[in-house]
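> Next input, structure requested:
(chains A and B)
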Amino acid sequence: MNLLSPKKIQLPNGKMVVEKRSVTPLIIIVLLLFTIVSINITEFKLEVIVKQINRLFVIIDEMIPPNVEYMPSLWQPLLDTIKMSLIGSVLGAICALPVAFFAASNITKNRLITTVVKFLLSLLRTLPTLVVALIATYVFGLGTMAGTIAIYLFTVSYVGKLLYEQIENANMDSYEAMQSLGLTSMYSFRYAIMPQVIPNYLSTTLFCFEGNVRYAAILGYVGAGGIGLMINESIGWRNYANLGMIILMLVVTVFIIETISEYCRKKLM
Amino acid sequence: MNAIEQQLQYGKRNRISLIITVITIFCLLVWSATAINLENMAANGLDIAKSIILGILNPDWTLLTDFKGGIPYLLIETLAIAFLGTIIGAIIAIPLAFFSASNIVPKPVAWIVRLLLICIRTIPAIVYGLMFVRVTGFGAFTGVLTIAFVSVGMLAKLFVDVIEDLDRSVLESMTSIGCNMFEKIRFGIIPQLSALFLSIVIYRFDMNLRDASILGLVGAGGIGAPLIFAMNSYRWTQVGSILIGLVLLILIVEYLSNKIRTKLVKG
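Now for the predicted structure:
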């Protein structure tokens, strides 16, 4: 490995200085290797793109201009999407508070409880929302309920994780002072830790809500209510003008919600 | 009016705005609570839930350890889709990012490219997946294209933030000692950008892996397709083993990506 051995430079005064070799060539070689392996596995062919990319432009061409007449039948699913993400996010954020309380290792002293809660949180966070929604449709039937459950579970895991990290980084001085005065850990948490984490907690919740609107938009694909069902239908029937209208409305809605939420988050900070 | 009275007035106004906020949020909540309805719930919903949980807790071990065509192979395929998609996405995103950086190109150009990037970013991955399946047919290849396209939006946006924070004084001092354009790019710009770019790309790879795992639902390769087949035919033990493999892979990749990124950013 000549590439990795450090380069020795003799200075005029006879001292030996060791210059570390850069690892960049090694990284590039490894990346190239991975790329070649991936190309083999996925059967990636450039000529297929060149030959068939015009089909994509046909689709985009049909999407513009969007079918405006389709708009009236879109309001209901769009509102369903927003409803699902709103109620799911709020309930999830509320439930995340006690969960974070039990996951923070500086508040809950029992190592077993914190480890188990943290493990459950990361497990819940890694499960794709679409898969959770699909499972929920088997239990709660088709409709917005399944979507709400999926968003609720994701919000608990996401807000819960960020919240317990903030609690663990919070300043413990006033908490310890309150404990020494004889307050229970629940009360000291309420009056010493909560004021420190509340702004961050609210801003995380808003951020999560933003993301949830995007997720909720596709949950309909598996039958969990909202606008995703319409997306699936339009593509299935190759009605790309309708698809263009859906995407346009979705982009506008997400943009409005993001702007409002960004404004609120700036106020909170 | 003295300072104390002023403070008092300020407090009052604050309370009114607080009340308005609470009422608004409460009304929105009541309105959105209609999303919760148990009418559609299947009569045997609880039984199904029980069998799902039992199935996931008793995974199909033979499928999980079968290295030819079993779950390990599907996971590697998903990983390959996410990896190749990220690389292609990053290569496309770099020129786009330079074209939307307001300190490099004129404002109107930057603004138009940015608008395009916002549009690309808002459309969910699965919609691209559905569209690309119509273009290149079913298979992992479509997954790669989808992931590449989806990642361009966010990668370019994060790249722009880094480019706009470039330290220009380094370039000025290089000009003053007589460096040519190539030397300025090689020794002045690339060292400033490479670590942060790499960290962004690794972060996006982490996200792409999650996206790639669900793209199979629309037929774009990876582990999603077997997962949805198993679910539709109620084979919960298989669902359990696929989910265990997927969660393990995502957790490992997330851990590694966090490690590498902290190292890259802190130097």
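> Please make it C-alpha for all contacts and neighbour counts, starting now.
Noted.
> List the contacts of residue 215.
Picking chain A for this. Residues counted as contacts of A:Tyr215 (Cα atoms under 8 Å, 6 or more residues apart in numbering or on different chains) are A:129, B:124.
> Switch to chain B, please.
B:125-126, B:129, B:143, B:221-222, B:224-225.
> same thing but at 7 Å, please
Neighbouring residues of B:Leu215 by Cα atoms under 7 Å, 6 or more residues apart in numbering or on different chains: B:126, B:129, B:143, B:221, B:224.
> Let me know the pLDDT of A:Ser121.
For the record, residue A:121 is Leu, not Ser. We have a pLDDT of 91 for A:Leu121.
> Equivalent analysis for B:Tyr10, please.
69.
> which non-adjacent residue is nearest residue 222?
Using chain A here. In space, not counting the residues next to it along the chain, A:Val222 is nearest to A:Leu134; the distance is 5.8 Å by Cα to Cα, 6 or more residues apart in numbering or on different chains.
> Please refer instead to chain B.
Counting by Cα to Cα, 6+ apart, the residue nearest B:Gly222 is B:Thr78, at 4.4 Å.
> any idea how far chain A is from B:Phe83?
7 Å (Cα to the nearest Cα, to the nearest Å).
> So A:Ile9 belongs to a strand, correct?
Yes. Per DSSP: H, G, I helix; E, B strand; the rest coil, A:Ile9 lies within a strand segment.
> ok, it - contacts?
Residues in contact with A:Ile9 (Cα under 7 Å, 6+ apart) are A:16-18.
> Select from the contacts of B:Leu215 the entry with the lowest predicted confidence.
Within the set of the contacts of B:Leu215, pLDDT is lowest for B:Gly221 (80).
> Phi first, then psi, for that one.
Main-chain torsions, B:Gly221, degrees, to the nearest 10: phi 80, psi 170.
> How about the contacts made by it?
B:Gly221 is in contact with B:139-140, B:143, B:215, counting by Cα under 7 Å, 6+ apart.
> Most neighbours out of the residues you listed, which is it?
B:Gly143 (34 neighbours; other Cα atoms under 10 Å in any protein chain shown).
> hang on, A:Thr42 packs against B:Thr142?
No. A:Thr42 lies out of contact with B:Thr142 (Cα atoms under 7 Å); the separation is 9.0 Å.
> overlap in contacts of the two?
With Cα under 7 Å, 6+ apart, A:Thr42 and B:Thr142 have no common neighbours.
> if you count what's nearby, which of these two comes out ahead?
The neighbour comparison of A:Thr42 against B:Thr142 (other Cα under 10 Å) goes to B:Thr142, with 31 against 21.
> wait, isn't the more buried one in contact with B:Ala220?
Yes. Checked against Cα under 7 Å, the pair B:Thr142 and B:Ala220 is within contact range at 5.3 Å.
> pLDDT at B:Met1, what is it?
Reading off the model, B:Met1 has pLDDT 63.
> Could you chop chain B up by domain?
As recorded under automatic domain parsing, the domains making up chain B are B:1-33, B:61-266.
> If we go by neighbour counts, what in the lowest-mean-pLDDT helix or strand in chain B is buried?
The weakest-scoring helix or strand in chain B, judged by mean pLDDT, DSSP states H and E, is helix B:61-65 (a mean of 73). By 16 or more other Cα atoms under 10 Å in any protein chain shown, the buried positions in helix B:61-65 come out as B:63-64.
> For it, what is the distance to the chain centroid?
Averaging C-alpha positions (Cα atoms, centre = their mean, to the nearest Å) puts helix B:61-65 29 Å from its chain's average.
> now stretch A:69-76
That offset, for stretch A:69-76, works out to 28 Å (Cα atoms, centre = their mean).
> Same question for stretch B:78-92.
Remark: stretch B:78-92 is offset 12 Å from the chain centroid, using Cα atoms, centre = their mean.
> Okay, buried residues for it please.
Residues B:78-90, B:92 are the ones in stretch B:78-92 that count as buried (16+ other Cα under 10 Å).
> Closest one to chain A out of those residues, please.
For the buried residues of stretch B:78-92, the closest approach to chain A (Cα to the nearest Cα) belongs to B:Ala80, at 4.6 Å.
> Tell me the predicted confidence for that closest one.
pLDDT, B:Ala80: 91.
> by contact count, what packs against the host helix or strand of it?
Element membership for B:Ala80 (DSSP states H and E) is helix B:71-99. For helix B:71-99, the packing partners by 3 or more Cα pairs under 7 Å, 6 or more residues apart in numbering or on different chains; DSSP states H and E come out as helix A:24-42, helix B:61-65, helix B:140-164, helix B:190-215.
> taking those helices together, which one is wrapped up most tightly?
Highest mean neighbour count among these (mean count of other Cα atoms under 10 Å in any protein chain shown): helix B:140-164, with a mean of 24.
> Return the residues of chain A in contact with chain B.
Within chain A, the positions near chain B by Cα under 7 Å from any Cα of the partner chain are A:35, A:38, A:41-44, A:52-53, A:55-56, A:80, A:83-84, A:86-87, A:123, A:126-128, A:139-142, A:144-145, A:214, A:247, A:251.
> Moving C-terminal from the helix or strand where A:Leu91 lies, which element do we reach first?
A:Leu91 belongs to helix A:75-103 when elements are defined using DSSP H and E. Of the helices and strands lying after helix A:75-103 in sequence (DSSP H and E), the nearest is helix A:111-126.
> Tell me the helix or strand right after that following helix.
Next along the chain after helix A:111-126, taking DSSP H and E as the criterion, comes helix A:129-140.
> tell me how far that following helix is from the chain's mean position?
18 Å.
> Name the residues that touch it?
Contacts with helix A:129-140, where a contact means Cα under 7 Å, 6+ apart, come from A:146-147, A:149-150, A:154, A:219, A:222-224, B:38, B:40-42, B:45-46, B:48-49.
> so who does the residue nearest to B:Gly222 touch?
B:Thr78 makes contacts with B:212-213, B:222-223, as judged by Cα under 7 Å, 6+ apart.
> C-alpha coordinates for stretch A:34-49, CSV please?
What follows is stretch A:34-49, C-alpha atoms only, in CSV (Å, rounded to 0.1, in the frame of the first residue of the first chain):
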residue,chain,number,x,y,z
PHE,A,34,-19.2,0.5,-5.7
THR,A,35,-20.5,2.3,-8.8
ILE,A,36,-19.5,-0.5,-11.1
VAL,A,37,-21.0,-3.2,-8.8
SER,A,38,-24.2,-1.1,-8.6
ILE,A,39,-24.3,-0.7,-12.4
ASN,A,40,-24.1,-4.5,-12.7
ILE,A,41,-26.8,-5.2,-10.1
THR,A,42,-29.3,-2.7,-11.4
GLU,A,43,-28.6,-3.3,-15.1
PHE,A,44,-28.1,0.4,-15.7
LYS,A,45,-27.8,1.1,-19.4
LEU,A,46,-27.2,4.6,-20.7
GLU,A,47,-28.5,3.8,-24.2
VAL,A,48,-32.0,2.9,-22.8
ILE,A,49,-32.2,6.4,-21.3
